[in-house]
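Q: Below is the sequence, then the predicted model.
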Amino acid sequence: MKKFLFLVFTVGLIASCAQIKKASYQQTKESKVTTYWQQHISYAMDIDVAAEKHQYSGKQQAVYTNNSPDELTKVYYHLYFNAFQPGSQMDVRSLNIVDPDRRVRDRISKLNTDEIGYIKVNSLKQNGAEVLYETVGTILEVTLNTPIKAGESVTFDMLFDAQIPLQIRRSGRDNKEGIALSMAQWYPKMAEYDFEGWHTPPYIAREFQGVWGDFDVKISIDKAYVLGGTGYLQNPQEIGHGYQDASKALNVPNTAKLTWHFKAPNVHDFVWAADTNYQHDVLKTETGIDLHFLYKKDLAANFLQNWKDLQAKTATLMTYYSKHIGAYPYKQYSVIQGGDGGMEYAMATLITGERKFGSLFGVTAHEMAHTWFQFLLASNESKHPWMDEGFTSYISNKAENLILEEGRENPHAGSYRGYNYVVKNNMEESLSTHADRYETNTAYSIASYSKGNIFLSQLEYVIGADNVAKGLKKYFIDFSFKHPTPNDIKRSMEKVSGIHLDWYLNEWTQTIHTIDYGIKSVAGREITIERIGQMPMPIDLEVTYTDGAVENFNIPLRMMRGSKPTAATVLEDWGWAYPTYSFKTSKLVQSVTIDKSKLMADIDSENNSFEVK
């Protein structure tokens, strides 16, 4: 029955995606008002790799469909590899920020000509006719011959040459663990156009966004290399290397190069990695999803064992995320040694592999969780990185705590410590800040990972853990494959809880207001609480009476227009403008504690408890 339900959900989800792809541009007959849309693109690419030179040439055909109600006179492509050149914005930003990423630092400024990265567009045609274009840093600006009308599809044909940079950040060659090629952000990628307009930030080493589409990619490379990445291999019997059907004969061409042919449906990016020394293991799961693991054969014995032990745990992660967020809709997922730490991509992740088991499992748990938030929901992680990194941290913390049996009462405690650090050191910046525009890397990291995580963990305190769990599932069902915005997660949580959360979204993500409540006084049976910080919150109280009895109270925030499900005694709600709140208990009070769960991000816990002397 479980397999059947999984199949039904997955088929329904894929059908829904196809519906979006084919009919994104919708107008009601009566009002002629566009209800929902997003762009679509189909890539076909032929790539010829000269591995010894760290270069490749590419032929790309892209069929771009304008599902917007707007007429487009320009389009834009990302050319990410251009960032890996001395003097690029990425280079200069790293040289000037007070706390540069340790992986980048001044390394770009020191690259030699054969170590830099680039993507050079040699020709571009729109529907067969040459079109004007200009490369500006990491963006290709294209002035169209004729506008793309609403609902119209056009074909772009491009020829380009590229050089793979020395591995510095996410992409590149010869990483610190000796992986030959980590090929992320490697192709000319159409920029996203949505209801907010074009999204064309220069690449400064932060995050990405893409157009939903289909990929048909052929990569020709020396036959000694083993590849892994996005998509389904179409010619496994001509490749081997663990991809083949063992019941059928291999038919590997007797040529210097092999052409790997991948197809990936309904994704918004494509990654691959290659090395001559990859071990390729495949774990087939009960749900029909194949898990691929590619890692160096010559790792130290302890690291090799960790990669073996990781495989069954990864299957458990897949089950956990599919249960607690939504069903994974593809037929495979790959965990690949490569990159510079851990980074998520469509149907795959690149992670460094020389790690203790806890670290290897942890990075896999985090990067796999990104599949749901960045590659199935696909919020704009450049504008709202907290919706991706934070939510990923939230669910992966829970998964790790359960699967590794860590027994942590609050698996998110590290995020609260990080948040308190930036607040106390006056480094905090609003979550509404664009990922590239944070003044420090520390502020970006704590905002995106820690404060984004706390958005959900603290929401358990506000509306209840069960409502957050249900809201997360509803969010996935309602907004997967739709590039949701912050308001969308808020509305999902409101709909399952019946609680108004406009105030919460505003205060936590658009301001740097802090939470600080304290016990002002206890006199006999009367308790007075004060709000010291600017951000209002509902309050949970535990009261111990002089006879030893304990009673819990909940004080809803009036703006919530309701209260969370709770066994506590629910008191009259508290209007945020009132600085204090008083109430009387049924017995004499011995002690009072605010929020024993510690899920509320109160910046001063010293005033949260009161003991009558």
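A: Nice, I can see it. What you see is a predicted model, and the numbers here were worked out from it, not measured in a lab.
Q: can you pull out the strands in the stretch 51-200 of the chain?
A: 55-65, 72-78, 118-126, 129-130, 132-136, 139-148, 153-163, 172-173, 181-183, 189-190, 192-194, 197-199 (DSSP state E, counting those that start in this stretch).
Q: What helices and strands are in contact with the fourth one?
A: Here strand 129-130 is seen to pack against no other helix or strand when contacts are counted using 3 or more CB pairs under 8 Å, 6 or more residues apart in numbering; DSSP states H and E. Bear in mind the C-beta positions are built from the backbone N, C-alpha and C, glycine included.
Q: before we move on, back to that, kindly compare burial across the strands of the stretch 51-200 of the chain and name the winner.
A: Of all these, strand 181-183 has the most neighbours on average by mean count of other CB atoms under 10 Å, namely a mean of 26.
Q: Output the contacting helices and strands for that one.
A: strand 172-173, strand 272-275.
Q: So for residue 495, which of the strands of the stretch 51-200 of the chain sits nearest?
A: Residue 495 lies closest, by CB to CB, to one member of these: strand 192-194, at 23.1 Å.
Q: Can you give the distance of that closest one from its chain's centre?
A: 18 Å (CA atoms, centre = their mean, to the nearest Å).
Q: can you list the helices and strands packed on strand 181-183 in TSV and add distance to residue 365 and mean pLDDT?
A: Formatted as TSV, the helices and strands packed on strand 181-183 follow (distance: least, CB to CB, whole Å; pLDDT from 0 to 100):
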stretch	distance to residue 365	mean pLDDT
strand 172-173	25	98
strand 272-275	20	99
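Q: Any chance of a markdown table for the ones you listed, columns distance to residue 332?
A: Formatted as a markdown table, those follow (distance: least, CB to CB, whole Å):
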| stretch | distance to residue 332 |
| --- | --- |
| strand 172-173 | 25 |
| strand 272-275 | 14 |
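Q: Of the ones you listed, which is nearest residue 73?
A: The nearest among these, by CB to CB, is strand 272-275 at 33.7 Å.
Q: ok, the closest one: who's next to it in the sheet?
A: Paired neighbours of strand 272-275 in the sheet (DSSP bridges): strand 181-183 (antiparallel), strand 226-229 (antiparallel).
Q: what's the longest helix belonging to the chain in contact with?
A: The longest helix of the chain (DSSP state H) is helix 301-324. Helix 301-324 is touched from outside by 6, 279, 281, 283, 285, 287, 289, 291, 293, 295, 299, 328, 333, 335, 337, 353-357, 360-361, 364-365, 368-369, 371-372, 395, 398-399, 402-403, 469, 472-473, with contacts defined as CB atoms under 8 Å, 6 or more residues apart in numbering.
Q: Mind checking which of those residues are buried?
A: Among these, those buried by neighbour count (16 or more other CB atoms under 10 Å) are 6, 279, 283, 285, 287, 289, 291, 293, 295, 299, 328, 333, 335, 337, 353-355, 357, 360-361, 364-365, 368-369, 371-372, 395, 398-399, 469, 472-473.
Q: Can you tell me which of the residues you listed end up in strands?
A: 279, 283, 291, 293, 295, 333, 335, 337 (DSSP state E).
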